[in-house]
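# need a structure here:
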Amino acid sequence: MLRRTLQALPAAPLPLVASLALAAVAAWAYLIDMAGMPAMGGFVAGPTFVMWTVMMVAMMLPTVAPVILVFAAATRRQPGRSAPLPYVFAAGYLLAWTGFAAVATAAQWGLHELTLLSPDQALDAPTWAGMMLLGAGFFQWTRLKDACLRGCRSPMGLVAQGLPDRPVRALRAGLRLGLYCTGCCWALMALMFVGGVMSLAWMAGLTLFILLEKLTRHPRRLSQGVGMLLIGYGGWLLLG
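The predicted model follows:
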């Protein structure tokens, strides 16, 4: 995947590269600003959903940018191609993560109602945090994780029967990729409730790890290695 990305860079349209960079920077700027604000006293659905959605853009756009560049380079060679196809593809991908943002918002509401969250929106009981870490760690070893990771790492396989030549097809291809990546990474993203929903350090760390999962030549070893670390940390919290 890394080799394909490097090969696609010279063919990537400059406006596309600039748009991806600008969107990611704007999303991170919003989150940095939010992190500096006092914690909200209660749960408000609208702002919470917006926060999770922007978080998905900030964290997932950098990890999918290599795929978008490869997609743009491939569709650029198509006769009669439509210029916005890479943008529509990216929108489809982010649409899947917007769905995750809605689920995360509902989960945060539930945890808030059960008084399980601290003021910084992290699980305030080591037992619950340990159980979530164990769950995420064991998930890294499952067949479902492996299958979703393969689909998330090999996006061109989703369009093996022909590259999308219309916006609707590009949207569907992006959505399918987004669903694979959501299935691959949802357990890791749920760990934001362990580190704190607005923890910039956890956001950056998870973003880097997810990017490495997509680019490394041995993703299964990396995933399972991190899974063992999560299991160890979760067990320590439960037994500590």
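# for the chain, longest helix please?
Ranked by residue count and defined by DSSP state H, the top helix of the chain is helix 45-76.
# average pLDDT for that one, rounded please.
Helix 45-76 comes out with an average pLDDT of 91.
# buried residues, that helix. List them.
48-49, 51-76 (16 or more other Cβ atoms under 10 Å). In this view, the C-beta of every residue, glycine as well, is placed from N, C-alpha and C.
# could you find the closest non-adjacent residue to the most centrally placed residue in the chain?
When Cα atoms, centre = their mean is applied to the chain, the residue found nearest the centroid is residue 60 (3.9 Å). Nearest residue to residue 60, sequence neighbours excluded (Cβ to Cβ, 6 or more residues apart in numbering): residue 97, at 5.2 Å.
# number of nearby residues for that neighbour?
Neighbourhood size, residue 97 [other Cβ atoms under 10 Å]: 26.
# phi first, then psi, for it.
phi -70, psi -20 (degrees, to the nearest 10).
# again, but for residue 121
Torsion angles, degrees, to the nearest 10, at residue 121: phi 60, psi 40.
# measure it to residue 107 for me?
Per Cβ to Cβ, to the nearest Å, residue 121 is found 11 Å from residue 107.
# give me the common contacts of those two.
residue 193 (Cβ atoms under 8 Å, 6 or more residues apart in numbering).
# so which of these two has more stuff around it?
Set residue 121 next to residue 107 and count neighbours by other Cβ under 10 Å: residue 121 wins out with 22 against 13.
# got a list of what the more buried one touches?
39, 108, 193, 196-198.
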